[in-house]
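S.K.: Quick one, fold the following:
(one chain, ligands or ions: 2)
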Amino acid sequence: MVKICCIGAGYVGGPTMAVIALKCPEIEVVVVDIAVPRINAWNSDQLPIYEPGLDDVVKQCRGKNLFFSTDVEKHVSEADIVFVSVNTPTKTQGLGAGKAADLTYWESAARMIADVSKSDKIVVEKSTVPVKTAEAIERILTHNRKGINFNILSNPEFLAEGTAIADLFNPDRVLIGGRETPEGQKAIQALKAVYAHWVPEDRILCTNLWSAELSKLAANAFLAQRISSVNAMSALCEATGADVSQVSHSIGTDSRIGPKFLNASVGFGGSCFQKDILNLVYICECNGLPEVANYWKQVIKVNDYQKTRFVNRVVSSMFNTVSGKKIAILGFAFKKDTGDTRETPAIDVCKGLLGDKAKLSIYDPQVTEEQIMRDLSMKKFDWDHPAHLQPSSPTTSNKQQQVSVVFDAYEAIKDAHGICVLTEWDEFKALDYQKVYENMQKPAFIFDGRNVVDAKKLREIGFIVYSIGKPLDSWLKDMPAVA
Ligand code: NAD
Ligand code: UDX
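M.R.: Ligands and ions are numbered 1, 2, ... in the order given. Coordinates of the predicted model:
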């Protein structure tokens, strides 16, 4: 029986390994983590992450060929294939702070693998890492343990949260990079055989190590670039009377452009796009390519601009001040169908509104009050450094006075002056907006950061509606220009 161990039971490690276990019943899969509460949750009925379809998959194989454990060393030493799916956050201090990937967790995992291994192993980079990381990891592995063969592969993950299970069941491609030596090729074939249980062979791409590592950063940079491009267009649409949805549709029907990832929004969020682009920028700078670095940096700058523009629009529309006004925040997760808030645009929007002394009433169907309060008190980039490895940041009393987290959209909206829709949860489309309107202060504003509400219908009810990249209501046109 082939034994797989995955280090890191997070958003990637958990679902990916659960699907491998489901599709490969003859393989034993153990997911290990140093975070005891996370492993306990994986072994309970309340999984640590919300992901449609995940419960089902875990229930089908947990205890049969899928196990979750904190006994990291034991399971690593027994495994034939070790996936490393630990977090690779942006460095917060020292050389490359604010850009470079922090490989502390990866390095400590590699050292541990080297220390506990008694047999040959294939070590798989599942985490997103800077190009050439495999070389450094190889050095750690081979330096610490002579006589044991480690073959390192890069197998980046392309799942998106909210659709992780569907993405894993039916991936566009699986990418495996390895050394171009006979041993490297043999290791590629061994990992390919795992995925071949359910992924058609022509969708399993094999490359050299550096191409696989770089392809992951490149894919995220290209995806994020599309969003920043359409968001840049959304600002121009608002200035000219064009409608960004019509523009997206028109350009997306060109088969060379394609229709996906052209939805204008309040900005992209999530644990990957910003982090991976910053990492790419840093790699370009280190390789003496400042023009290339600046090109990708712009994707982040436009994203920051979009969030600021949204906050400014809210404030300027509401008579240039939101001080003391109740604003309902609908949605805090970085996208629908996940409870993940890492780098969610909601954090920057809420902080911007709090800076103007607004009172926020926040509702998200999947995010806890504790998480929201922590996010609003945390410094940039601190979020991806595991809570168990650093002191928890206390919420400030000011924030506690200005922010309330509620468990129902109608409760959030009651007596509010304005609503900001920041996540595209389906339930926000289905609210009884007549009832919402009656329960709000007048004039009643709605700022739709995801273009999910029926603006025409809402205007008929009496709302003043702002939709990203859409022609502006006369009210909004008359307000001071937004920077
Ligand atoms: P995560 O924070 O959810 O999970 C990482 C886990 O690794 C944590 O539970 C942490 O406790 C554990 N860990 C850290 N150091 C460890 C060690 N030495 N030993 C054992 N466990 C350790 O992160 P994630 O979202 O699953 O992302 C993991 C990697 O995958 C990152 O490199 C990320 O960029 C990449 N990635 C993420 C996504 C996504 O959608 N989240 C998609 C593709 C790739
Ligand atoms: C992304 C990549 O899609 C995935 O391949 C990679 O493995 C991890 O990073 P994820 O961050 O989970 O996945 O979600 P994604 O669907 O890419 O959305 C990222 C952000 O972009 C979200 O905030 C989303 O709302 C936003 N977005 C997406 C837009 O604003 N407009 C779009 O058209 C698409």
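
S.K.: Pull out the buried residues from stretch 188-195.
M.R.: Buried residues in stretch 188-195, counted by 16 or more other CB atoms under 10 Å: Ile188, Ala190, Leu191, Lys192, Val194, Tyr195. Every C-beta, even on glycine, is put in place using the N, C-alpha and C of the backbone.

S.K.: If you could redo that for stretch 407-422, that was the one I meant.
M.R.: Neighbour-count burial for stretch 407-422 [16+ other CB under 10 Å]: Ala409, Ala412, Ile413, Ala416, His417, Gly418, Ile419, Cys420, Val421, Leu422.

S.K.: Which of these fall within strands?
M.R.: Among these, the ones falling in strands (DSSP state E) are Gly418, Ile419, Cys420, Val421.

S.K.: Just give me the closest of these to ligand 2.
M.R.: Val421 (12.0 Å; CB to the nearest ligand atom).

S.K.: residues in contact with that closest one?
M.R.: Leu330, Gly331, Phe428, Ile446, Phe447, Asp448, Gly449, Arg450, Val452, Val453 (CB atoms under 8 Å, 6 or more residues apart in numbering).

S.K.: again, only using 10 Å
M.R.: 266, 328-331, 409, 428-429, 431, 446-453, 467-468 (CB atoms under 10 Å, 6 or more residues apart in numbering).

S.K.: and it, bridged to which residues?
M.R.: Residues in a beta bridge with Val421, per DSSP bridges, are Leu330, Asp448.

S.K.: Quick one, grab the pLDDT at it.
M.R.: For Val421, the pLDDT comes out at 98.

S.K.: roughly how far apart are it and Ala110?
M.R.: Distance, Val421 to Ala110, by CB to CB, to the nearest Å: 43 Å.

S.K.: Next: Val302.
M.R.: For Val302 relative to Ala110 (CB to CB), the value is 36 Å.

S.K.: Show me which of the two is the more surrounded one.
M.R.: A direct count of neighbours by other CB atoms under 10 Å for Val302 and Ala110 places Ala110 higher, at 27 against 21.

S.K.: what about the residue lying closest to that one once chain neighbours are set aside, how many residues close to it?
M.R.: With CB to CB, 6 or more residues apart in numbering as the criterion, Ala110 has its nearest non-adjacent residue at 4.5 Å, and that residue is Ile140. Look at Ile140: counted by other CB under 10 Å, it has 18 neighbours.

S.K.: got it, and Ser154?
M.R.: Around Ser154 there are 28 residues (other CB under 10 Å).

S.K.: what about Thr211, helix or strand, and which?
M.R.: I think there's a mix-up here, since residue 211 is Ser and not Thr. helix 209-240 (DSSP states H and E).

S.K.: near ligand 2, which residues of the stretch 301-450 of the chain?
M.R.: Residues of the stretch 301-450 of the chain lying near ligand 2 by CB under 6 Å from any ligand atom: Phe334, Lys335.

S.K.: ok, now which ones touch the residue of the stretch 301-450 of the chain found nearest ligand 2?
M.R.: When scored by CB to the nearest ligand atom, the stretch 301-450 of the chain has Lys335 as its residue closest to ligand 2, at 3.9 Å. Counting by CB under 10 Å, 6+ apart, Lys335 makes contact with 160-163, 265, 268-270, 344-345, 423-425, 450.

S.K.: Checking Ile372 next. Helix, strand or coil?
M.R.: Under DSSP: H, G, I helix; E, B strand; the rest coil, the three-state class of Ile372 is helix.

S.K.: Would you mind confirming that it is in contact with Lys351?
M.R.: No: contact criterion CB atoms under 10 Å: Ile372 and Lys351 do not qualify, at 11.9 Å.

S.K.: Compare these two and say which one has the larger neighbour count.
M.R.: Ile372 (26 against 15).

S.K.: got a list of what the closest residue to that one other than its chain neighbours touches?
M.R.: Excluding the flanking residues, the one nearest Ile372 by CB to CB, 6+ apart is Val405, at 5.2 Å. Going by CB under 10 Å, 6+ apart, Val405 touches 329, 332, 360-364, 367-373, 376, 412.
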